[in-house]
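In: here is my input; please provide its structure:
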Amino acid sequence: MSDINPMAEIFGFPIDNNSERALYYRENRLCPFNNRFPNCTKDKADDPLGVCCVNHSGNMVITCPTRFREDWKILRNAAAFVWPKGTKWTSLPEIRLTDANGLSAGNVDYVIIKCDDNGNIADFASIEVQGVYISGNLRKPFQEYMRNPSADFNWNGPNYPHPDYLSSSRKRLIPQMLYKGGIFKAWRKKQCVVIQKSFFETLPKLPQVNKNKADIAWFLYDLEYNEAEKQNHLVLYDTIYTEFEPALDKIIYTNPGNIEDFVGQLQEKLEERKSNAPEPHSVFELL
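Out: As a prediction, the model looks like this:
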């Protein structure tokens, strides 16, 4: 798929899929991936940005977290990590989490729950689902496509959209893992993270452990295109098992560059300042 078209899926279907079902979902702005409502609600409920994933460097990158709900594979695979086969379990979405002071720590995307024979809660675990943020303008090409849908749609407008993996991890995923994940770790409850393989590959290499020792299971999904159906399907590519602190330490601490290079940069800036009129805040002062 070419990057001259940024959109890989619209309202659940590739743009070259003109089947009766695909057209029906497109025309009615519906979501086929178990959204809370029948319609797509991404960005705006009354004018949804119905792009499920984008094209980038030959890959399809999931930008809408609802896309991961296809056939609810994420719940089944998470439960298989936490409990043995045959366990009776269920799930609840968007559960509010508070800290010891009663302050909100945010919502947990899903909590999977193990029940005893009387229907009482015996155990639980968390699931966090993270799509990828977009830099650039995705709405303009989307609106242009919706005005004139075509399998040959191209876009070369300004501010071309592309995945922003760095913001997705530092501004979203990691703060959630530190705050909400810290609470579940204190409770000694398992955690599951659902992301795409290409997103995980942008993170530092995490120290892995055996499944039975893991605090966190990182479920790496991807999309596979079925030529006969002209449809993409969510598949589990791999599962990475880690402990909480070693994994988060590896992600949040950056390997430092050479201090001499940084000092050299400072010296260059200082020399530039000496050759120009001093700014009010740049005058040397004695303590």
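In: in the stretch 1-150 of the chain, which spans are strands?
Out: 7-10, 51-56, 59-62, 89-98, 104-115, 121-129, 133-135 (DSSP state E, counting those that start in this stretch).
In: for Gln196, what are its contacts?
Out: Going by CB atoms under 8 Å, 6 or more residues apart in numbering, Gln196 touches Val61, Ile62, Gly131, Val132, Leu220, Tyr221, Asp222. (C-beta placed from N, C-alpha, C; glycine too.)
In: distance between the longest helix along the chain and the chain's centre?
Out: Looking across the chain with DSSP state H, the single longest helix is helix 259-274. In terms of CA atoms, centre = their mean, to the nearest Å, the centre of helix 259-274 is set 38 Å apart from its chain centre.
In: and stretch 69-88, by the same measure?
Out: For stretch 69-88, the separation from the chain centroid amounts to 19 Å (computed by CA atoms, centre = their mean).
In: equivalent analysis for stretch 221-238, please.
Out: 18 Å.
In: repeat that for stretch 111-128.
Out: Worked out by CA atoms, centre = their mean, stretch 111-128 lies 25 Å from the chain centre.
In: can you list the strands of the stretch 1-150 of the chain in CSV and add distance to Asn226?
Out: Putting the strands of the stretch 1-150 of the chain into CSV (distance: least, CB to CB, whole Å) gives the following:
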stretch, distance to Asn226
strand 7-10, 13
strand 51-56, 15
strand 59-62, 13
strand 89-98, 27
strand 104-115, 27
strand 121-129, 23
strand 133-135, 25
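In: which stretch among those comes nearest Met146?
Out: Met146 sits nearest to strand 7-10 of all the strands of the stretch 1-150 of the chain, at 7.8 Å, using CB to CB.
In: for the closest one, name the packing helices and strands.
Out: For strand 7-10, the packing partners by 3 or more CB pairs under 8 Å, 6 or more residues apart in numbering; DSSP states H and E come out as strand 51-56, strand 59-62, helix 139-147.
In: for the last one, give the mean pLDDT please.
Out: Here the mean pLDDT over helix 139-147 is 94, rounded to a whole number.
In: please name every helix or strand in contact with the helix or strand that it is followed by.
Out: Counting by DSSP states H and E, the element after helix 139-147 in chain order, helix or strand, is strand 162-164. Applying 3+ CB pairs under 8 Å, 6+ apart, one finds that strand 162-164 makes contact with strand 51-56, strand 133-135.
In: got CSV for these, with distance to Leu75, mean neighbour count and mean pLDDT too?
Out: What follows is the helices and strands packed on strand 162-164, written out as CSV (distance: least, CB to CB, whole Å; neighbours: other CB atoms under 10 Å; pLDDT from 0 to 100):
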stretch, distance to Leu75, mean neighbour count, mean pLDDT
strand 51-56, 19, 24, 96
strand 133-135, 24, 17, 95
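In: of the helices and strands packed on strand 7-10, which is nearest Asn34?
Out: Closest of these to Asn34 is strand 51-56, at 12.5 Å (criterion: CB to CB).
In: taking helix 139-147 as reference, get the angle to the closest one.
Out: 110 degrees (axes from the mean of the first three to the mean of the last three CA atoms, to 10 degrees).
In: can you give the contact residues for strand 51-56?
Out: Taking CB under 8 Å, 6+ apart as the rule, strand 51-56 contacts 1-3, 5-12, 33, 42, 60-64, 66-67, 134, 138, 142, 161-163, 223, 232.
In: I'd like the distance between Ser19 and Lys230.
Out: Note on Ser19: its distance to Lys230, by CB to CB, to the nearest Å, is 7 Å.
In: many thanks, I have nothing further to ask.
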